[in-house]
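1. give the three-dimensional model of this entry:
(one chain, ligands or ions: 1)
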Amino acid sequence: MSLKPNISTPELAKLINVHLGEKYLKETPSWKVLDSPISGRGIFAVRDIAAGEVILRDRALVVGPRGTKESCNQTPVACVVCYKPLEVNDDESQIMCKNGCTLPLCDSCSQGNRHSTECELFRRWKPKDPKKVIPHILRLVSIVRCFFLNDAQRKLFLSLQPHSDKYYMLELQRAVACFENFPKDREMLEYFYHSVCVFNTNAFDGGSREMGEEEVRVRALFPLAAMLNHQCSPNADHHFENPETIVITAVRPIKGGEEIVTSYTKLLWGTMTRRMFLKMTKHFECCCERCMDPTENGTYLSALFCRQQGCKGIMIPVQTKTLQPDWRCLTCESVFPHSKMARYQDFALNTINNRINACSISDMITFINDMCPRFCPPSNYVLVEAKLNVIWRMSRATTEVFTEEQLKCKDRYRAELLELLEKLGAGECTLKKLITEERL
Ligand SMILES: C[S@@+](CC[C@H](N)C(=O)[O-])C[C@H]1O[C@@H](n2cnc3c(N)ncnc32)[C@H](O)[C@@H]1O
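-> Predicted coordinates for the structure are as follows:
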């Protein structure tokens with residue numbers, strides 16, 4: 001089967017409907033897959049949709065562990081079949097499949113047959129380190145699963161957009177290097193590489209607590225949700241209902257005929273960071289309204305202090321269409337090149353992030369209130385994210401007792417964040433719900 005099937009948009013829409021089946025396809029859906037003026041195919045409202053309304057639910061075509069180093073260190077290692085968190089001690093082989101494929105598996109899934117085909121394959125390929133859970137191998141699980149799709153599923157899978165990239169090849173090579181007998185078959189390797197490209201272009205990373213107390217993060221391909229194009233001020237948002245189901249909800253009223261769009265980046269990132277991320281990971285330069293407004297709807301999320309001696313003004317990017325704009329001070333009008341401001345932004349980012357990872361909550365509050373204003377404007381997104389981190393940690397702390405002053409700070413940070421989201425027109429987005437319900 002060709003890896004580049006020429007499929008029309010109506011034909012793809014039919015395949016998606018079959019994939020959704022009765023359970024996920026409502027009798028009169030509020031959406032339709034059509035060609036998009038933004039890019040390729042997109043999803044469009046066929047009637048007015050109210051803010052907060054569930055637009056669609058999609059089921060995963062392929063799902064697997066995230067398999068990033070960070071996901072292995074920070075979140076619980078989960079069973080690769082049912083995604084139940086597994087208790088890991090120093091001896092990782094305790095949570096591995098007893099048949100020796102080295103994938104983490106819970107007791108009940110090791111009895112079932114959902115794992116048997118991939119288990120046999122991984123055993124045949126012979127992992128070089130049979131005692132450790134290797135992130136590169138975990139990340140390969142979803143790619144291998146693409147190989148076992150039936151004909152109809154494979155047709156749908158191959159109609160998803162793949163961006164190629166030398167780093168995607170590297171991702172595959174790293175995984176291959178973890179085995180002694182990985183097949184050299186060219187056709188199979190091409191299919192795997194194509195699968196990596198499809199995954200990196202379309203997959204959603206998400207977490208779900210359904211299976212246990214701790215959040216387990218997976219990455220999954222949802223063929224319908226994969227049709228959603230990006231805008232930095234989106235009209236829809238997503239959350240995982242469970243590791244195999246995604247829900248798309250309207251964050252503000254959507255008119256019939258309007259394209260339904262989500263954001264592929266964090267909402268609170270500054271323009272330079274969002275545009276760079278989209279270019280590097282999704283291979284396009286975003287030119288949406290928010291990206292073209294140097295004040296970012298008056299939020300000044302990118303703002304940095306002026307580098308001119310004696311000036312206390314703030315600088316924002318001057319040009320909007322380039323990834324490396326000059327910056328101008330709003331007070332003294334000095335202009336500095338992108339390279340200088342990018343170094344400054346990196347300094348602020350590293351200084352604040354190093355603290356986030358190392359400080360107690362109370363030290364973090366002192367740092368945000370007393371130190372940060374000396375080198376970072378309060379509107380800058382790095383400082384905004386630090387405040388979000390404090391709210392998140394305070395709402396999760398079960399044993400720590402906070403002073404009146406600290407609780408007031410949390411309330412103030414929360415109010416500031418909600419005001420920001422309001423300015424960005426973020427509506428009833430997941431982040432707003434998390435901030436107000438404090439379930440971050
Ligand atoms: C998940 S797909 C979205 C569906 C895609 N339009 C299709 O036809 O399959 C993601 C890709 O769509 C394109 N895309 C999405 N939003 C875009 C935007 N705002 N501007 C330009 N391209 C965009 C990019 O190529 C991106 O990598």
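2. check contacts around Phe402.
-> 361-362, 394, 410 (Cβ atoms under 8 Å, 6 or more residues apart in numbering). The way it works is simple: take the backbone N, C-alpha and C, and place the C-beta from them, glycine included.
3. Phe305 bridge partners, please.
-> Ile314 (DSSP bridges).
4. what about the residue in the chain positioned nearest to the ligand, neighbour count?
-> With Cβ to the nearest ligand atom, the shortest gap between the chain and the ligand falls at Gly40, namely 2.4 Å. When neighbours are counted by other Cβ atoms under 10 Å, Gly40 registers 10.
5. next one: Met188
-> Met188: 12 neighbours (other Cβ under 10 Å).
6. where exactly do the helices run in the stretch 1-150 of the chain?
-> Assigned by DSSP state H, counting those that start in this stretch, the helices in the stretch 1-150 of the chain fall at 9-24, 69-74, 107-111, 116-125, 135-147.
7. host element of the residue in the chain sticking out farthest from the centre?
-> Of all residues in the chain, Gly310 sits farthest from the chain's C-alpha centroid, using Cα atoms, centre = their mean; the distance is 40.4 Å. Assigned by DSSP states H and E, Gly310 falls within no helix or strand.
8. list phi and psi for it.
-> phi 90, psi -20 (degrees, to the nearest 10).
9. report the contact partners of it.
-> For Gly310, no residue meets the contact criterion (Cβ under 8 Å, 6+ apart).
10. hmm, back to that, columns mean pLDDT and distance to the ligand on top of the helices of the stretch 1-150 of the chain, output as TSV?
-> Output for those, formatted as TSV (pLDDT from 0 to 100; distance: least, Cβ to the nearest ligand atom, whole Å):
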stretch	mean pLDDT	distance to the ligand
helix 9-24	94	8
helix 69-74	52	21
helix 107-111	85	30
helix 116-125	93	26
helix 135-147	94	16
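11. of the ones you listed, which is nearest Asn380?
-> helix 69-74 (23.7 Å; Cβ to Cβ).
12. tell me how many other residues crowd Ala51.
-> For Ala51, using other Cβ under 10 Å, the count is 13.
13. which pair in the contacts of Phe402 spans the largest distance?
-> Ser362 and Lys410 (11.5 Å).
14. which one of these two has more residues nearby?
-> Neighbour count, other Cβ under 10 Å: between Ser362 and Lys410, Lys410 has more, with 19 against 16.
15. quick check: closest non-adjacent residue to the more buried one.
-> Spatial nearest neighbour of Lys410, chain neighbours left out: Met394 (5.2 Å); criterion: Cβ to Cβ, 6 or more residues apart in numbering.
16. now the helix or strand hosting that neighbour - C-alpha only, CSV.
-> Assessed by DSSP H and E, Met394 sits inside helix 381-396. Taking C-alpha atoms only, helix 381-396 is exported to CSV below (Å, rounded to 0.1, in the frame of the first residue of the first chain):
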residue,chain,number,x,y,z
TYR,A,381,4.9,34.7,30.3
VAL,A,382,7.7,33.0,32.3
LEU,A,383,6.7,34.9,35.4
VAL,A,384,3.0,34.2,34.7
GLU,A,385,3.8,30.5,34.4
ALA,A,386,5.7,30.6,37.7
LYS,A,387,2.5,32.0,39.4
LEU,A,388,0.5,29.2,37.8
ASN,A,389,3.0,26.7,39.2
VAL,A,390,2.5,28.2,42.7
ILE,A,391,-1.3,27.9,42.5
TRP,A,392,-0.9,24.3,41.2
ARG,A,393,1.5,23.3,44.0
MET,A,394,-0.6,25.0,46.7
SER,A,395,-3.8,23.3,45.6
ARG,A,396,-2.0,19.9,45.7
